[in-house]
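> Predicted model follows, preceded by the sequence.
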Amino acid sequence: MTLSTHVLDTGLGEPAAGVPVTLERRDEQRWVPVAAGVTDADGRLRDWFPEAAWRAGSYRLIFDTAARSPFFPEVSVVFVVTEPARHHHVPLLLTRYGYSTYRGS
C-alpha cells in the first residue's frame, strides 16, 4: 500500500462515502491521470492503483466534493513524494464551507 486517503465530513461527524477521487502525477509540464476511485462506506480509498506506478514526484489528489459542499465542488491537494518506499496517507476533512488536510500515517 503506497497511498491511501480518507474523507471525513466533519460537519456531519461521519465518513464521506461515495466521494470520487482522481490521482494525477506531474509529468514535465502537465498532469497525467494515474488512478481513480470512490471512497468506501468508511470514507476510505486504499489499494486503488498499481504499486509499480508509484514513484517520487509531484502528485495531485482531486476530490469531487460537489455532493457534500455547495461552496467547494472540488478540492485539489498537491503533494510531493520524496520517499516512495514510505506509505503516504493524505486525508481530507470536509465541511460545507471549509476543508483541511494533512499528512497522516
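Arrived safely.
> Grab the nearest non-local neighbour of the residue most central in space within the chain.
Centroid-nearest residue in the chain, with Cα atoms, centre = their mean: Leu61, separated by 4.3 Å. Spatially, and ignoring its direct neighbours in sequence, Leu61 is nearest to Val77 (4.6 Å; Cβ to Cβ, 6 or more residues apart in numbering). Yep, even glycine has a C-beta here, placed from its N, CA and C like the rest.
> quick check, that neighbour in a helix?
No - under DSSP: H, G, I helix; E, B strand; the rest coil, Val77 falls outside any helix and is assigned strand.
> Enumerate the positions of stretch 15-34 that are buried.
Within stretch 15-34, the residues that count as buried by 16 or more other Cβ atoms under 10 Å are Pro15, Ala16, Val19, Pro20, Val21, Thr22, Leu23, Glu24, Arg25, Trp31, Val34.
> got the contact list for it?
If you take Cβ atoms under 8 Å, 6 or more residues apart in numbering as the criterion, stretch 15-34 is touched by 3, 5-9, 35-45, 48-49, 53, 57-65, 67-68, 92, 94.
> now, which of those lie within strands?
Residues of the contacts of stretch 15-34 located in strands (DSSP state E): 3, 5-9, 35-38, 44-45, 57-64, 92, 94.
> Taking the buried residues of stretch 15-34 together, which two end up most distant?
Greatest spacing in the buried residues of stretch 15-34, by Cβ to Cβ: Pro15 and Trp31 (27.2 Å).
> What is the neighbour count of Val75?
20 (other Cβ atoms under 10 Å).
> Arg86 now?
9.
> Spell out the secondary structure type for it.
coil.
> quick one: it from Ser69, how far?
For Arg86, the distance to Ser69 (Cβ to Cβ, to the nearest Å) stands at 30 Å.
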